[in-house]
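Build me a model from this:
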Amino acid sequence: MPFIARFFPNAQVVPIMIRKTASAREVNTLTQDLMRASGTSTLVVTSADFAHHQMASDAMRRNDRTKMFLQNGDIENLRALDSHYT
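As a prediction, the model looks like this:
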């Protein structure tokens with residue numbers, strides 16, 4: 001949030017949390033609804049921290065794996081993540 005406040009001081013932020021038990025269909029519906037409701041000046045930011053308090057090498061590996069899941073839209077593997085995954 002500090003980054004957004006500093007570089008986009010007029011930004012309006014709408015926090016959205018998705019429960020771990022959300023189905024792929026529910027997440028897809030939310031995604032489609034956000035796409036329909038957003039304009040060309042809308043930026044959607046996703047934040048997830050599954051590598052908190054980890055050694056740097058472990059954190060980087062976990063972050064790379066999480067990034068891959070996000071880029072591939074791999075909802076099932078994302079749902080399985082927690083702060084203890086390897």
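
For Asp82, grab the count of nearby residues.
Using other C-beta atoms under 10 Å, the number of residues around Asp82 comes to 8. Placement of C-beta: from N, CA and C, glycine included.

In space, not sequence, find me the middle residue of this protein.
With distances taken as C-alpha atoms, centre = their mean, Thr46 lies nearest the centre of the chain, 3.1 Å away.

Next, the contact list for that one, please.
Leu70 (C-beta atoms under 8 Å, 6 or more residues apart in numbering).

Now do it, the pLDDT please.
pLDDT for Thr46: 76.

Tell me which helix or strand it sits in.
Taking DSSP states H and E as the definition, one finds Thr46 inside no helix or strand.

Give me the phi and psi for it.
phi -110, psi 130 (degrees, to the nearest 10).

Could you list the residues in contact with the least confident helix or strand in the chain by mean pLDDT?
Using mean pLDDT, DSSP states H and E, helix 75-80 stands out as the lowest-scoring helix or strand of the chain, at a mean of 81. The contact list for helix 75-80 (C-beta under 8 Å, 6+ apart) reads 20-22, 24, 27, 48, 66, 69-70.

Out of these, the closest to Ala56 would be?
Thr66 (15.4 Å; C-beta to C-beta).

Quick check: the gap between the closest one and Ser47.
When distance is defined by C-beta to C-beta, to the nearest Å, Thr66 is 11 Å away from Ser47.

quick one: the helices in this protein?
2-7, 24-37, 56-71, 75-80 (DSSP state H).

Low-confidence stretches in the protein?
48-52, 83-86 (pLDDT under 70).

at 80 instead, please
1, 20, 39, 46-54, 79, 81-86 (pLDDT under 80).

what about the helices of the chain, which gets the closest to Ile16?
The nearest among the helices of the chain, by C-beta to C-beta, is helix 24-37 at 7.5 Å.

Send over that closest one as CSV, restricted to the C-alpha atoms.
Taking Å, rounded to 0.1, in the frame of the first residue of the first chain, the C-alpha atoms of helix 24-37 are listed here in CSV:
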residue,chain,number,x,y,z
ALA,A,24,-12.1,-22.3,-9.7
ARG,A,25,-15.5,-21.4,-11.1
GLU,A,26,-16.0,-18.7,-8.4
VAL,A,27,-12.6,-17.2,-9.1
ASN,A,28,-13.2,-17.2,-12.8
THR,A,29,-16.5,-15.5,-12.2
LEU,A,30,-14.9,-12.8,-10.1
THR,A,31,-12.2,-12.3,-12.7
GLN,A,32,-14.7,-11.9,-15.5
ASP,A,33,-16.8,-9.5,-13.3
LEU,A,34,-13.7,-7.4,-12.5
MET,A,35,-12.8,-7.2,-16.2
ARG,A,36,-16.3,-6.1,-17.1
ALA,A,37,-16.4,-3.5,-14.4
